[in-house]
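Chemist: need a structure here:
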Amino acid sequence: MPDPMLQVGIQNDGFTSIEIGRMPTSFVSVMATQTFPWPGKLRLREEVAQLGASQNMKVLARVRLSTEAEVRRAYLDLVLVRDRLALLEQLHALWERSAAFAQVRYETSGGAQSDVLRAQLELSRLEQRRFALLAQERGRVQTLNRLRSHPLAEPIDTARTHIRDMTTLAPLEAVFSAKQALSRSPELAAARLATTRADKALTLADKGYYPDLTVSAGIMYRGQLPPMWLATIAGPLPIFSGSKQTRAIAENTALLSAAHHEQRTIEQLLGLRSEERHAAFSALRQTIDLYQRALLVQSAATTESMLAQYRVGKVSFSSVLEANAGLIADQDGFLESVAAAQRILIAEAELNLVASAMPTASASASTAMPGAESTPNGSASGM
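Modeler: The predicted structure is shown next:
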């Protein structure tokens with residue numbers, strides 16, 4: 001209800017003296033005024049306000065979903081960088097073997113000194129990449145601690161979690177459901193509330209033609225003379241409805257139409273994003289299966305074969321370089337593919353509406369090196 005108004009005043013005949021009690025038109029007055037909205041307006045205003053508050057609660061639901069997803073992504077990134085550090089240690093051991101073979105062949109006059117120098121160069125580059133990965137690990141720990149409101153430098157144990165253990169993906173195909181996305185999306189729930197609110201606001205605007213009534217009552221004290229009283233009822237005349245109420249109705253009609261369109265857009269977008277993620281997830285699942293069935297086994301066998309043949313002088317050291325790079329690239333590509341699949345699952349749980357690029361972990365696996373930055377032509381630096 002609008003606030004009531006209390007009015008206190010005095011009316012006096014002349015300016016030279018107070019004539020209350022002597023002149024019948026001189027008095028002290030007390031008047032109360034209350035405006036009563038047209039029936040139905042107050043209820044509609046309450047419903048519009050309640051729907052607005054409910055919309056804000058959906059914003060809170062979005063913050064919760066996004067925060068949870070951010071924590072999960074940060075933990076996944078931390079596990080990935082630590083697995084890459086472990087992979088770098090494997091690569092270091094592999095290059096030490098290669099360097100030892102090159103040294104033996106050089107000392108026995110079966111190889112070139114450049115082979116030994118190249119092997120030592122690669123070992124130095126590995127140390128450089130290790131520094132980069134350690135810096136990334138520190139940043140991931142700080143990010144995760146910030147998200148969970150802990151001291152930034154507090155250690156986080158991930159010893160029991162590894163990316164390669166997250167490859168059981170087939171049962172997770174069921175999480176991709178447009179129907180579930182429609183039922184859980186905070187944005188869609190807020191859009192539906194906005195549509196209902198716009199509809200109520202339009203009904204309220206229609207009632208703008210009906211005036212709110214103002215009731216006033218007062219008493220006039222006249223001293224020795226009998227008191228007087230006053231009661232009035234008033235309401236505005238909508239003579240400017242063409243430029244006020246009519247335009248308010250047109251505005252709210254447009255807002256209702258926009259709310260309907262936004263709701264349909266979000267419904268379509270939720271289905272599209274879920275289908276996009278499902279397609280990308282299926283492709284990654286097949287890629288991961290190919291890594292496990294063939295690529296990792298074949299890369300390891302090729303590397304061992306090249307080392308054995310180089311040891312007896314059947315292949316050049318460049319062949320060993322290529323085999324070593326291929327093995328580690330496949331190992332790193334496998335880790336990145338599994339991590340990309342997990343990121344898609346996180347995005348699906350988050351009900352993310354942002355268009356994200358399709359994972360390309362397998363596309364870059366042939367040149368990916370743990371801790372190495374990509375050069376402008378797409379190859380890994382240091383190789």
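Chemist: what distance separates the start and the end of stretch 163-179?
Modeler: Start and end residues of stretch 163-179 are separated by 30 Å (C-alpha to C-alpha, to the nearest Å).
Chemist: sorry, that was for stretch 163-175
Modeler: Between the opening and closing residues of stretch 163-175 there is a gap of 20 Å (C-alpha to C-alpha).
Chemist: Give the buried residues for it.
Modeler: Buried positions in stretch 163-175, judged by neighbour count with 16 or more other C-beta atoms under 10 Å: Ile163, Met166, Thr167, Leu169, Leu172. To be clear about C-beta, it is placed using only N, CA and C from the backbone, and glycine gets the same treatment.
Chemist: Show me the residues you listed that map onto helices.
Modeler: Among these, none falls in helices (DSSP state H).
Chemist: okay if I get the residues you listed as TSV plus pLDDT and distance to Ile239?
Modeler: Below are these laid out as TSV (pLDDT from 0 to 100; distance: C-beta to C-beta, whole Å):
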residue	pLDDT	distance to Ile239
Ile163	91	74
Met166	89	72
Thr167	86	75
Leu169	86	70
Leu172	88	66
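Chemist: need the residues you listed in JSON lines with distance to Ile233, can you?
Modeler: Output for the buried residues of stretch 163-175, formatted as JSON lines (distance: C-beta to C-beta, whole Å):
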{"residue": "Ile163", "distance to Ile233": "77"}
{"residue": "Met166", "distance to Ile233": "74"}
{"residue": "Thr167", "distance to Ile233": "79"}
{"residue": "Leu169", "distance to Ile233": "74"}
{"residue": "Leu172", "distance to Ile233": "69"}
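Chemist: ok, the residues you listed vs Leu202, which is closest?
Modeler: Leu172 (44.3 Å; C-beta to C-beta).
Chemist: okay, now the nearest residue to the closest one once chain neighbours are set aside: neighbour count?
Modeler: Closest residue to Leu172 apart from its sequence neighbours, by C-beta to C-beta, 6 or more residues apart in numbering: Leu345 at 6.1 Å. Residues near Leu345, counting by other C-beta atoms under 10 Å, number 18.
Chemist: Please apply the same query to the one 10 residues further on.
Modeler: Ala355 has 9 neighbours, counted by other C-beta under 10 Å.
Chemist: and the gap between it and Thr287?
Modeler: Ala355 sits 21 Å away from Thr287, going by C-beta to C-beta, to the nearest Å.
Chemist: What separation is there between Pro37 and Arg43?
Modeler: From Pro37 across to Arg43, the span is 9 Å (C-beta to C-beta).
Chemist: So between the two, which is more surrounded?
Modeler: Pro37 (17 against 12).
Chemist: which residues touch the more buried one?
Modeler: Pro37 makes contact with Met1, Pro2, Arg45, Asp212, according to C-beta atoms under 8 Å, 6 or more residues apart in numbering.
Chemist: Then Tyr221?
Modeler: Contacts of Tyr221 (C-beta under 8 Å, 6+ apart): Ile20, Phe27, Val28, Ser29, Val30, Pro227.
Chemist: Report the mean per-residue pLDDT for the one helix or strand the fifth one maps to.
Modeler: To tie it back to what came earlier, the one meant is Val30. In this structure, Val30 is located in strand 27-36 according to DSSP states H and E. Here strand 27-36 scores 94 as its mean pLDDT.
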